[in-house]
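Give me a 3D structure for the following:
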Amino acid sequence: MKVADRHEEVSVQLTGSPQDADAVFGALLAAYPCDRDAEEHVHEAGHGHPTVWSATYDVAPADVAGPVAATPLGAPVAAELSGSYPAVDRLAKALTSGFAVEVEHAVSGDGEKQLRLLLRSTERG
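Coordinates of the predicted model:
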């Protein structure tokens, strides 16, 4: 298999306001191929219940992706990443270029890793 044909997918689930989740998805979509269309925006599914939005990003090959752009958020966004160890680590590291990232929880399994992060706007300037 050629490197260009290799896929390393990371599933990303976000919770937070629809606008902030949409901003995170947009920043990731600018850096990585995704199963969501650029025109596809998140929306509130129901009142009084937390909503989780999901997308899958291909983080391989590593030289295809650029940095995740610094993106302002109105409030923190919870993100859960799951996939292979290298893929999750690559995406988590890329998120640090666009957001202040706090690791809340990590679970390691046989060949797969889940990482729960809290994303905030970066404090620059």
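
which helix is the longest one in the protein?
Secondary structure of the chain per DSSP state H: the longest helix is helix 18-31.

Tell me which other helices or strands it touches.
Where contact means 3 or more Cβ pairs under 8 Å, 6 or more residues apart in numbering; DSSP states H and E, helix 18-31 is packed against strand 9-15, strand 53-58, strand 77-83, helix 85-95. Every C-beta, even on glycine, is put in place using the N, C-alpha and C of the backbone.

list the buried ones in it?
20-25, 27-31 (16 or more other Cβ atoms under 10 Å).

rewinding a little: out of the helices and strands packed on helix 18-31, flag the one nearest Arg120.
When the helices and strands packed on helix 18-31 are compared for distance to Arg120 using Cβ to Cβ, the nearest one is strand 77-83, at 8.0 Å.

quick one: low-confidence parts of the protein?
Applying pLDDT under 70 to the chain flags residues 1-6, 37-49, 61-66, 123-125.

please redo it, this time with the cut-off set to 50
Low-confidence segments of the chain (pLDDT under 50): 1-4, 125.

can I get the CA coordinates of the longest helix of the chain in PDB?
Written as PDB, here are the backbone C-alpha positions of helix 18-31 (Å, rounded to 0.1, in the frame of the first residue of the first chain):
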ATOM      1  CA  PRO A  18     -23.700  24.600  18.300                       C
ATOM      2  CA  GLN A  19     -21.700  27.700  17.200                       C
ATOM      3  CA  ASP A  20     -18.600  26.700  19.100                       C
ATOM      4  CA  ALA A  21     -18.800  23.000  17.900                       C
ATOM      5  CA  ASP A  22     -19.200  24.300  14.400                       C
ATOM      6  CA  ALA A  23     -16.100  26.500  14.800                       C
ATOM      7  CA  VAL A  24     -14.000  23.500  16.000                       C
ATOM      8  CA  PHE A  25     -15.300  21.300  13.100                       C
ATOM      9  CA  GLY A  26     -14.500  24.100  10.700                       C
ATOM     10  CA  ALA A  27     -10.900  24.500  12.000                       C
ATOM     11  CA  LEU A  28     -10.300  20.800  11.800                       C
ATOM     12  CA  LEU A  29     -11.900  20.500   8.300                       C
ATOM     13  CA  ALA A  30      -9.400  23.200   7.000                       C
ATOM     14  CA  ALA A  31      -6.500  20.900   8.200                       C
END
